[in-house]
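A.B. asks: How does the following fold in three dimensions:
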Amino acid sequence: MATKNITITEDAYDRLKALKREDESFSDTIRRLTESADIMEYAGSCPGLGEALEETKRELEQDLEEKQDELFGQ
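C.D. replies: Numbering: from 1, shown residues only. Okay, here's the model as predicted:
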């Protein structure tokens, strides 16, 4: 198997090392971390996110309306 040398910063190495399992090589760790994930694995992992997003959108729209009123005197 061919190999390549790469240069990474110490903090990147420390992060990778922290994610490395005892029975893995660094190559195994990188492969595991970069495999394509099925997005459906995360479905429902953030309950309430949709409601929070809608509330934030309403607040931003209200703020925009208030600023427009201030600027244009309506």
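
A.B. asks: just for this structure, where's the confidence low?
C.D. replies: Low-confidence segments of the chain, defined by pLDDT under 70, span residues 74.

A.B. asks: Centre-most residue in it?
C.D. replies: Tyr42 (12.1 Å; C-alpha atoms, centre = their mean).

A.B. asks: Tell me how far Phe72 lies from Asp63.
C.D. replies: Note on Phe72: its distance to Asp63, by C-beta to C-beta, to the nearest Å, is 15 Å. The C-beta positions use only the backbone N, C-alpha and C, and glycine is treated the same way.

A.B. asks: for Thr29, same thing?
C.D. replies: Thr29 is 45 Å from Asp63, where distance means C-beta to C-beta.

A.B. asks: ranges for the strands of the protein?
C.D. replies: Taking DSSP state E as the criterion, the chain carries no strands.

A.B. asks: ranges for the helices of the protein?
C.D. replies: Listed in chain order, the helices of the chain (DSSP state H) span 10-19, 26-34, 49-72.

A.B. asks: so which of those comes closest to Met1?
C.D. replies: With C-beta to C-beta, the closest approach to Met1 among those belongs to helix 26-34: 9.2 Å.

A.B. asks: any idea of the angle the closest one forms with helix 10-19?
C.D. replies: 80 degrees (axes from the mean of the first three to the mean of the last three C-alpha atoms, to 10 degrees).

A.B. asks: who's more crowded, Thr29 and Asp63?
C.D. replies: Counted by other C-beta atoms under 10 Å, Thr29 and Asp63 do not tie: Thr29 has more neighbours, with 15 against 10.

A.B. asks: Help me confirm that the more buried one comes into contact with Ala18.
C.D. replies: No - counting by C-beta atoms under 8 Å, Ala18 is not a contact partner of Thr29; they are 10.0 Å apart.

A.B. asks: How about the contacts made by Ile30?
C.D. replies: Ile30 makes contact with Leu16 under the criterion C-beta atoms under 8 Å, 6 or more residues apart in numbering.
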